[in-house]
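> Sequence plus the predicted model coming up.
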Amino acid sequence: MVPAAPAMVGIACEEVPGHPDFVGLGDIDGIAVDLRYASHNNFFGKDLYAFLDCAWLHQDAARALQAAATALKAVRPDLQLLVLDAMRPQRVQQMLWDVLHGTNLRQYVGSPERGSVHSFGMAVDITLADADGQEFDMGSHFDEMSERSHPDLETQLLAQGVLTNEHVGRRDLLRSVMFHAGFGGISNEWWHFDCGSPQDIRSRYQRIL
Ligand SMILES: [Zn+2]
């Protein structure tokens, strides 16, 4: 008989509201919020969060996001950051992973076993919007699982005319304020930022289940 895997240790998503380590996105000044996985407007075409309240970040990421919003305001007071995803519970990460089984798209979804940085409340998916919250064209959509979304291919995509100078300029502005605040980017999604090293986050923070 195969022994059962040990139960995963962490904090239930339902216990996050009111937990002292977490901050609601509504308490961060100068950002707009449109959680795409809490709507049908996403790659999967489903409301993946349903009754779960996922508008939260660990306080360390919330503090950094506040710094990024302030940095953007200093250089472009006419713009704001628009948060597209923040804390993503382990159970939803597992669902995304399962849906992409058998496809070559799993590079865009962190393995649930290792843990997405979103599942520690330490990552955000984010874009730039105008004062009314209207997002800008960044050259590919949030969640677009194609090479057009890869920051490490931007020079090539620009040369090929797939991306314009405006697209890359907007991505550069987004990166500059996020990096300034202590976030790091990844090679294949222009919208995704981790608040610190993923290895360090996985070893020091609790997972939201
Ligand atoms: Zn992400």
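Sure thing, it's come through. Numbers count the residues shown, from 1 in each chain.
> Return the distance of the residue of the chain found nearest the ion relative to residue 51.
Proximity of the chain to the ion (C-beta to the ion) peaks at residue 192, 3.6 Å away. C-betas here are computed from N, CA, C, even on glycine. As judged by C-beta to C-beta, to the nearest Å, residue 192 and residue 51 stand 25 Å apart.
> Alongside the ion, which residues does the protein contribute?
Counting by C-beta under 5 Å from the ion, the positions of the chain adjacent to the ion are 125, 192.
> for the chain, what spans make up the strands?
With strands called from DSSP state E, the chain shows them at 10-11, 22-24, 31-33, 56-58, 79-85, 123-130, 184-185, 192-194, 207-208.
> which one of the ones you listed lies closest to residue 68?
Residue 68 lies closest, by C-beta to C-beta, to one member of those: strand 79-85, at 6.4 Å.
> can you give me the mean pLDDT across the closest one?
On average, the pLDDT along strand 79-85 is 98.
> now the strands of the chain as a markdown table including mean neighbour count?
Below are the strands of the chain laid out as a markdown table (neighbours: other C-beta atoms under 10 Å):
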| stretch | mean neighbour count |
| --- | --- |
| strand 10-11 | 18 |
| strand 22-24 | 19 |
| strand 31-33 | 19 |
| strand 56-58 | 26 |
| strand 79-85 | 22 |
| strand 123-130 | 22 |
| strand 184-185 | 17 |
| strand 192-194 | 25 |
| strand 207-208 | 24 |
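> Residue 168: which of those is closest?
Closest of the strands of the chain to residue 168 is strand 123-130, at 12.7 Å (criterion: C-beta to C-beta).
> Between the two ends of stretch 143-152, what distance do you get?
16 Å (C-alpha to C-alpha, to the nearest Å).
> Distance from it to the middle of the chain?
Put simply, stretch 143-152 sits 14 Å off its chain's centre (C-alpha atoms, centre = their mean, to the nearest Å).
> same question, stretch 149-169
21 Å.
> what's the burial count for residue 39?
13 (other C-beta atoms under 10 Å).
> Kindly apply the preceding question to residue 21 instead.
So residue 21, with other C-beta under 10 Å, has 15 neighbours.
> shouldn't it be in contact with residue 62?
No. Applying C-beta atoms under 8 Å, one finds residue 21 not in contact with residue 62, separated by 9.9 Å.
> what about the residue of the chain closest to the ion, distance to residue 184?
According to C-beta to C-beta, residue 192 stands 10 Å off from residue 184.
> partner residues bridging residue 32?
In this entry, residue 32 is beta-bridged to residue 82, by DSSP bridges.
> show me the contacts for the nearest residue to residue 179 once chain neighbours are set aside.
Nearest in space to residue 179, with sequence neighbours left out and distances taken as C-beta to C-beta, 6 or more residues apart in numbering, is residue 185 at 7.3 Å. Going by C-beta atoms under 8 Å, 6 or more residues apart in numbering, residue 185 touches 151, 175, 178-179, 192-194.
> pLDDT score for residue 185?
98.
> Kindly state the beta-bridge partners for it.
Bridge pairing for residue 185 - DSSP bridges - gives residue 193.
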